[in-house]
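> The sequence and its predicted three-dimensional model are supplied below.
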Amino acid sequence: MILGKVIGTVWATRKDEQLRGLTLQLVRELDPDGSEKSRYVVAVDSVGAGVGETVLFVQGSSARQTEVTKNKPIDAVIVAIVDKMDVEGNKP
Amino acid sequence: MILGKVIGTVWATRKDEQLRGLTLQLVRELDPDGSEKSRYVVAVDSVGAGVGETVLFVQGSSARQTEVTKNKPIDAVIVAIVDKMDVEGNKP
Amino acid sequence: MILGKVIGTVWATRKDEQLRGLTLQLVRELDPDGSEKSRYVVAVDSVGAGVGETVLFVQGSSARQTEVTKNKPIDAVIVAIVDKMDVEGNKP
Amino acid sequence: MILGKVIGTVWATRKDEQLRGLTLQLVRELDPDGSEKSRYVVAVDSVGAGVGETVLFVQGSSARQTEVTKNKPIDAVIVAIVDKMDVEGNKP
Amino acid sequence: MILGKVIGTVWATRKDEQLRGLTLQLVRELDPDGSEKSRYVVAVDSVGAGVGETVLFVQGSSARQTEVTKNKPIDAVIVAIVDKMDVEGNKP
């Protein structure tokens, strides 16, 4: 999984039928210290993540292993909203 | 999924039989602010995307989960044409 | 597999049901000489790796081939704790 | 799929049995304007591509969806020889 | 497949049961001209490759298509030892 921050939402009328009804969130990759990377993905939301939240997203075939994404042409899905990170480097 | 812009079309006569009849679009990766990245993919079009349109494309095994790509040697497919993006950073 | 160092732990209450009970370790990619790269993944721990340990992690669909990750939306898993590396360049 | 140019051939006597009889072409990634990138893959040739030709190659599990690569430990295959590209940016 | 050079061996006592008995080689990615890249993978050896040898390795789900890696949590495997490369740019 990769750490990211939900920075927006993508709207598409013309799309593969299997994407109907799914929320497409724009996610920016994050470093563990919270700094933003210059890589973005559009991920299906399976956990109700809102804009501004720090999340974990899964990519590739594993992105099809949630209830909402199964067998669909989807290669990125948000699977968790991060509450807290204990990072070694953060300990004084 | 990754944001991209259709910038052209690729023509190939000598190709795997399973690619016959499919449109191969040249897609340039985009940042959410619309700036162009230096990464390109050739993706099968499953939604009628034209040159100049902003799209979402799927990669890897998930690219074989559309009706036109199933079981074929295809690792990138356009699955949506983007109408609009609400991006946090765009709000004044 | 990729070499990494466990640098922390990620906590998430709201997550896909299939992630319940799993430890999510934050892993920083390492070069063989021990220098740290600027790439991070969050990986499920299948071998009891603690913070500070050098590990091998597996990505993609292969990350679903352990007992604890099977059929789950997981794309990274720690599969080994490294005891020792014999690297050619280290021999004087 | 990714655009590339066949720049050579790789010879290997000691190899997995399933690779016997296959041509292993060295492919350099290309930008649509024809400039060469610094990324190379060794791909199985399924369409008779010769050195110097511009091709499309497929990666990952989709590379096992051709007749010559099915079920084999192969993660890159040439699936088309490019005749022509219509690129928006090329139109004056 | 990607070109690489075996530069060492990794030892791990605590590991997924399915990795027992396998040789884990440290591989550094190579350019076709033999120059070393700054990317490393740890790959299972399926062909008896020794330190210093130039090899081809396979990544992703295709890495599970050899006899020694089938159904295991392995995402990189050495499938060939390179004897020779005919590279266009090398011809005077």
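Done, it's in.

> Please write out the alpha-carbon positions of stretch A:41-60 in PDB.
The C-alpha trace of stretch A:41-60 is given here as PDB (Å, rounded to 0.1, in the frame of the first residue of the first chain):
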ATOM      1  CA  VAL A  41      -3.500   8.400  -8.800                       C
ATOM      2  CA  VAL A  42      -7.300   8.300  -9.200                       C
ATOM      3  CA  ALA A  43      -8.600   5.600  -6.900                       C
ATOM      4  CA  VAL A  44     -12.000   4.100  -6.200                       C
ATOM      5  CA  ASP A  45     -13.100   4.800  -2.600                       C
ATOM      6  CA  SER A  46     -14.200   1.800  -0.600                       C
ATOM      7  CA  VAL A  47     -14.100   3.300   2.900                       C
ATOM      8  CA  GLY A  48     -15.700   6.700   2.700                       C
ATOM      9  CA  ALA A  49     -12.600   8.800   2.600                       C
ATOM     10  CA  GLY A  50     -13.100  12.500   2.300                       C
ATOM     11  CA  VAL A  51     -11.000  15.300   0.800                       C
ATOM     12  CA  GLY A  52      -8.100  16.100   3.000                       C
ATOM     13  CA  GLU A  53      -7.800  12.700   4.700                       C
ATOM     14  CA  THR A  54      -4.700  10.600   4.800                       C
ATOM     15  CA  VAL A  55      -5.300   7.200   3.300                       C
ATOM     16  CA  LEU A  56      -3.700   3.900   2.100                       C
ATOM     17  CA  PHE A  57      -4.400   2.900  -1.400                       C
ATOM     18  CA  VAL A  58      -3.800  -0.500  -3.100                       C
ATOM     19  CA  GLN A  59      -2.700  -0.800  -6.700                       C
ATOM     20  CA  GLY A  60      -2.700  -3.500  -9.400                       C
END
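
> does any bit of it sit next to chain B?
Yes - Stretch A:41-60 reaches chain B (C-beta under 8 Å from any C-beta of the partner chain) through A:41-43, A:51-52, A:60. Bear in mind the C-beta positions are built from the backbone N, C-alpha and C, glycine included.

> Check stretch A:21-35 too.
Yes - interface with chain B: stretch A:21-35 contributes A:24, A:26 (C-beta under 8 Å from any C-beta).

> Now do that stretch: distance from first to last residue.
32 Å (C-alpha to C-alpha, to the nearest Å).

> just to revisit the earlier point, among the residues of stretch A:41-60 next to chain B, which are in strands?
Judged by DSSP state E, the subset of these located in strands is A:41-43.

> And the buried ones among these, selectable in ChimeraX?
To isolate the buried ones among these in ChimeraX, judged by 16 or more other C-beta atoms under 10 Å in any protein chain shown, type:
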select /A:41,42,43
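
> closest to chain E among the ones in strands among the residues of stretch A:41-60 next to chain B?
Nearest to chain E, judged by C-beta to the nearest C-beta, of these is residue A:41 at 18.2 Å.

> which regions of chain A lie under the pLDDT threshold?
In the predicted model, chain A carries pLDDT under 70 at residues A:89-92.

> just to revisit the earlier point, dump the ones in strands among the residues of stretch A:41-60 next to chain B into TSV; add distance to residue C:82 as well.
TSV is the format used below for these (distance: C-beta to C-beta, whole Å):
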residue	distance to residue C:82
A:41	30
A:42	35
A:43	31
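
> on that earlier part again, quick check: the farthest pair among the residues of stretch A:41-60 next to chain B?
Across these, no pair lies farther apart than A:52 and A:60, at 26.0 Å, counting by C-beta to C-beta.

> So if I had to pick from those two, which one is more boxed in?
Remark: of residue A:52 and residue A:60, residue A:60 carries more neighbours, 21 against 10, as counted by other C-beta atoms under 10 Å in any protein chain shown.

> Please enumerate the strands of chain A.
Under the criterion DSSP E, chain A contains strands at A:2-11, A:24-30, A:36-45, A:54-59, A:76-81, A:84-87.

> Tell me how far the residue positioned nearest the centre of chain A lies from chain B.
Against the mean C-alpha coordinate of chain A, by C-alpha atoms, centre = their mean, the closest residue is residue A:78 at 3.5 Å. Residue A:78 is 12 Å from chain B, where distance means C-beta to the nearest C-beta, to the nearest Å.
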